[in-house]
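1. Only the shape, not the letters, is given here:
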């Protein structure tokens, strides 16, 4: 019979003979419909997705966001196979909760003692069932959600060469990474990772494979994120994991189960979803660099020219009244001031070119390159000289000012 040494508040281990039949049903209920996630494979030997492979003979830790605003956690099919492989190889499996004060909810250290294949299969099923029940029944102990600290706890307690799976929306609401400031959506992922490194706040993920499941998928009362915002959340956590020394990172796409919410009385602050820019007949609108009218790093080339064109169509409609428009480019405090002025001017000229292409007379459009000294800036350099990625993102913009005078 298998020997499970559980820690945390996991309860007692399950007798293998009683657990075998129930395990398959429970895992089926926890798994997303449609089988394995696209792009991932697993066959009882590990997990592989997007070129990232989890070792089947190393420890596994699940970081689970069983909290308000995130969809009820489910163990993806590939992760189930990884758990089975880890147990078969007598590797520890742990579950960590994502809440306002993350903690370990379960640790099992399986020892396989079966004398034949049937007994060993029953023992493995019993262990995997215990993990699946811990995930499906997990709830928060503290309000809010701190994914960074949860990853740090998992990283510290997961053995070298192991795998960490983050199963959460990724919308942290407390700690260093907090989306309660919606400007976090604007932060450059690489700059944010560098900021964490400079402050010694990165999780310990060196020599560990990191898989991300369910990032950007929310549940009531948290408003849904569109595809663009979901990609930003994924990119942020991928950058953090990579900077933290992960051997590889991969995304396990899950179906959006919007109505499948976590039931809890412990609150999590609602994250405000950034609104689309609104152009008024007379007034000022800030086009953040992270929005549809955004640029490739350190260039005046648009990331998505079609998206920028579609966004600016509303401005074109407003300019039908004959107003004049001033476009002011702004940058973060990065590089030389002179280069920043040049780049900000070039970006304003890029926006002007789109407006001219849409039929607005060039002589009605004035462009200005304000560089690092534009109006309405926020301080983006800390006392120690470190660039604040959230503040820097706010400063990267093209400001549109319509004049009716």
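-> Okay, I see it. Source: prediction; values computed, not measured.
2. Could you measure from residue 285 over to residue 323?
-> Shown here: residue 285 relative to residue 323, a distance of 13 Å by Cβ to Cβ, to the nearest Å. For the C-beta atoms, the positions are set from N, CA and C on the backbone; glycine is no exception.
3. OK, contacts around residue 91?
-> 57, 58, 59, 60, 110, 159, 162 (Cβ atoms under 8 Å, 6 or more residues apart in numbering).
4. so what's the first one closest to, chain neighbours aside?
-> What it means is residue 57. Distance criterion Cβ to Cβ, 6 or more residues apart in numbering; nearest residue to residue 57, sequence neighbours excluded, is residue 89 at 4.1 Å.
5. you'd agree residue 292 is up against residue 304?
-> Yes - if you go by Cβ atoms under 8 Å, residue 292 and residue 304 touch, sitting 6.4 Å apart.
6. Between these two, which is the more surrounded one?
-> In terms of neighbours (other Cβ atoms under 10 Å), residue 292 is the more surrounded of residue 292 and residue 304; the figures are 20 against 15.
7. Please list all residues in contact with that one.
-> 228, 276, 304, 307, 308, 310, 311.
8. Apply the buried test to those residues and list what passes.
-> Neighbour counting with 16 or more other Cβ atoms under 10 Å marks 308, 311 as buried within the contacts of residue 292.
9. per-residue pLDDT, residue 227?
-> The score at residue 227 is 88. That number is its pLDDT.
10. average model confidence for stretch 126-133?
-> Stretch 126-133 comes out at a mean pLDDT of 94.
11. now that stretch: how far from the chain's centre is it?
-> 27 Å (Cα atoms, centre = their mean, to the nearest Å).
12. With stretch 309-320 instead?
-> 32 Å.
13. now do stretch 145-155
-> Centre-to-centre, stretch 145-155 and its host chain are 13 Å apart (Cα atoms, centre = their mean).
14. List the contacts of it.
-> With contacts defined as Cβ under 8 Å, 6+ apart, stretch 145-155 is touched by 61, 63, 65, 67, 69-70, 94, 96-104, 164, 166, 168, 170-177, 196, 201, 203-205, 208, 237, 240-241, 244, 268.
15. Quick one, which of these are buried?
-> 61, 63, 65, 67, 69-70, 94, 96-100, 102, 104, 164, 166, 168, 170-175, 177, 196, 201, 203-205, 208, 237, 240-241, 244, 268.
16. Do a quick rundown of the strands in the stretch 301-405 of the chain.
-> With strands called from DSSP state E, counting those that start in this stretch, the stretch 301-405 of the chain shows them at 324-330, 365-371, 397-403.
17. Include mean neighbour count when you put those strands into a markdown table, please.
-> What follows is the strands of the stretch 301-405 of the chain, written out as a markdown table (neighbours: other Cβ atoms under 10 Å):
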| stretch | mean neighbour count |
| --- | --- |
| strand 324-330 | 22 |
| strand 365-371 | 19 |
| strand 397-403 | 21 |
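18. Next, report how far whichever strand or helix holds residue 287 is displaced from the centre of its chain.
-> Using DSSP states H and E, residue 287 sits in strand 283-288. Strand 283-288 sits 27 Å away from the centroid of its parent chain (Cα atoms, centre = their mean).
19. who does it pair up with?
-> Counting by DSSP bridges, the strands paired with strand 283-288 are strand 397-403 (antiparallel).
20. Touching the partner strand from outside, list them.
-> With contact meaning Cβ under 8 Å, 6+ apart, strand 397-403 is reached by 279-289, 293, 315, 318-319, 323-330, 347-348, 351, 374-376.
21. Pull out the buried residues from these.
-> Buried by 16+ other Cβ under 10 Å: 279, 285, 287-289, 293, 315, 318-319, 323-325, 327-330, 347-348, 351, 374, out of the contacts of strand 397-403.
22. How about residue 377: what's its closest non-neighbour residue?
-> Nearest to residue 377 is residue 395, by Cβ to Cβ, 6+ apart, at 5.3 Å.
23. can you tell me which residues contact the one you found?
-> Contacts here follow Cβ under 8 Å, 6+ apart; on that basis residue 395 touches 330, 331, 332, 333, 372, 374, 377, 378, 380.
24. do the same with residue 320
-> Contacts of residue 320 (Cβ under 8 Å, 6+ apart): none.
25. According to the record, where do the domains of the chain fall?
-> According to automatic domain parsing, the chain comprises the domains 7-252, 283-403.
26. To residue 260, which of those lies closest?
-> domain 7-252 (4.7 Å; Cβ to Cβ).
27. chain center to the closest one: distance?
-> Distance, centroid of domain 7-252 to centroid of chain: 13 Å (Cα atoms, centre = their mean).
28. Residue 336: how many residues sit nearby?
-> Residue 336, neighbours per other Cβ under 10 Å, totals 10.
29. how far away is it from residue 371?
-> 9 Å.
30. List the contacts of stretch 345-362.
-> Here stretch 345-362 has contacts from 287, 293, 295, 300-302, 305, 308-309, 312-313, 315-316, 319, 325, 327-329, 365, 367-369, 398, 400, using Cβ under 8 Å, 6+ apart.
31. If you could redo that for stretch 307-319, that was the one I meant.
-> For stretch 307-319, using Cβ under 8 Å, 6+ apart, the contacting residues are 276-281, 285, 287, 291-294, 302, 325, 351, 354-355, 358-360, 364, 400, 402.
32. got it, and stretch 175-183?
-> Against stretch 175-183 from outside (Cβ under 8 Å, 6+ apart): 146-149, 171-174, 184-185, 192, 196, 199, 201, 236, 240, 269, 271-274, 390-391, 393-394.
33. Would you work out how far apart the start and end of it are?
-> One end of stretch 175-183 sits 15 Å from the other (Cα to Cα, to the nearest Å).
34. quick check: mean pLDDT across it?
-> On average, the pLDDT along stretch 175-183 is 93.
35. Numbering from 3 from now on, please.
-> Sounds good: first residue 3 from here, last item stretch 177-185.
36. Would you mind saying which of the strands of the stretch 303-407 of the chain lies nearest residue 126?
-> Checking these against residue 126 by Cβ to Cβ gives strand 399-405 as the closest, at 54.8 Å.
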